[in-house]
Every structure is written in C-alpha cells, then in structure tokens.
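1. Need a 3D model of the following:
(2 chains)
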Amino acid sequence: KAGVTQTPRYLIKTRGQQVTLSCSPISGHRSVSWYQQTPGQGLQFLFEYFSETQRNKGNFPGRFSGRQFSNSRSEMNVSTLELGDSALYLCASSTQSSYNEQFFGPGTRLTVL
Amino acid sequence: QQQVKQSPQSLIVQKGGISIINCAYENTAFDYFPWYQQFPGKGPALLIAIRPDVSEKKEGRFTISFNKSAKQFSLHIMDSQPGDSATYFCAASKSGKLIFGQGTTLQVKP
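-> As a prediction, this is how the structure comes out:
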C-alpha cells in the first residue's frame, strides 16, 4: 500500500497570504489528522476529520481550517499567514477501528517570510 | 500545559548499548501510548505502542515498559545501532488525538 502523501513538500509564502496544503491518506483510511511541528513547540495537534466531518480540534486560532472530501483526501488552509506559522505540517491517517494508530506523511515545510 | 513530559532531551549511546527514554503523563483518560521515530526530513514513523492494560510490550529490539500507577512509560532500545540515530517521540492518546512529548535526539556512536 502506498503511504500518506502530502503536497506540496515545500512552500514559501509571505506574511498576510493564505496557503492550502493537501493530504492523501493511505487507501482505506478514513480518518485524517493534521499536526504542526516546530522546534519550539514540538508536535501539536491541529484537527482531525472523519467522513468529511471535523471530529476533534486542537488549540489553534481560527485562521487554521481544514476539510475532508468524500474520497477521504484532506486539505488544510491557513489564512493571513504570520511568521510564526513557519513549520512542518504533518498529516496522519488511520482506520476507524484503530483510530489511535496513526501513520504520518512526510509533511509540508512551510516558510513564511 | 504540557501533558506529556519526555526525558532526556538528548542521549548518546555506544553501539551495542541500551538506549532508554522516559515519558510521564498527567491525564489518566489516555488509553494509547505510541512511540514514534523521526529521521531528518521525514515524517514520524510509528515504532511501537502499548495500551494501559499491559505492563510491557516487546517488538524486536524495542520494548515499552508501562507503569500505570506512576503514570510513566519508557522505551528501551536494546543493542543500539548507528542506524537508530534519530529523534524519538512518545505520545499519549484519547479518542485519536495524539499529545506528544518534546522528543529525544538519540545518537548511537559506532
């Protein structure tokens, strides 16, 4: 089985812009979670989607949003980018029966200038 | 509020030695405790995981020891190899939301 794929792998944006990141889960996985990884804050949970519905949400401002499509692919959007949003954004997928067992993609490295 | 505390921050071990990384959690509602391994430029890879009804789980050279009463769990890497050099994260989960420790950078010297 192919693993979790994320596109693009690298992005450079400027403050105030918005960005959309994409994630394709492992085939058959219907749950998709997003995490932000920074040197200072480590790995932090953003949100989780299952069957096109947000099921869980972390403590991030409303500028961070996401959605899931009927084929389980997911996107996350960050509006009005700030310098502090520079991070590695990771997507993880899991099955409904083993939703804790999450498999991560390679991430999208976002740099905000 | 840090719910999962991980130590040490960095660790240097000789080839063939035992690497030990410790984690402590606060929320007794957590019901799943995985360890992830991350190499530079890669996403975290699930290494091994345990549920609180089990005190130990072993997979190859990797063992999780779990102490429910102390709310602590640890990863032991036996016969550590240079290829094990990576960053290791413990995590705790309830309902699919993973809370990660701050990570341990392991260097195994040949």
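
2. Report the next helix or strand after the lowest-mean-pLDDT helix or strand in chain A in sequence order.
-> Comparing helices and strands within chain A by mean pLDDT, DSSP states H and E singles out strand A:53-57 as the least confident, with a mean of 92. For strand A:53-57, the succeeding helix or strand toward the C-terminus, using DSSP states H and E, is strand A:64-68.

3. What pairs with that next one, parallel or antiparallel?
-> The strands beside strand A:64-68 in its sheet (DSSP bridges) come out as strand A:74-78 (antiparallel).

4. Can you give me the buried ones in the strand it pairs with?
-> Of the residues in strand A:74-78, those scored as buried under the neighbour-count criterion (16 or more other C-beta atoms under 10 Å in any protein chain shown) are A:74, A:75, A:76, A:78. Bear in mind the C-beta positions are built from the backbone N, C-alpha and C, glycine included.

5. Quick check: bridge partners of the second one?
-> Read that as residue A:75. Under the criterion used (DSSP bridges), residue A:75 bridges to residue A:22, residue A:67.

6. wait, what's in contact with it?
-> Contacts were defined as C-beta atoms under 8 Å, 6 or more residues apart in numbering or on different chains; by that measure residue A:75 touches A:20, A:21, A:22, A:23, A:66, A:67, A:69.

7. switch to 10 Å and redo it
-> Residues in contact with residue A:75 (C-beta atoms under 10 Å, 6 or more residues apart in numbering or on different chains) are A:20-23, A:32, A:34, A:49, A:65-69, A:91.
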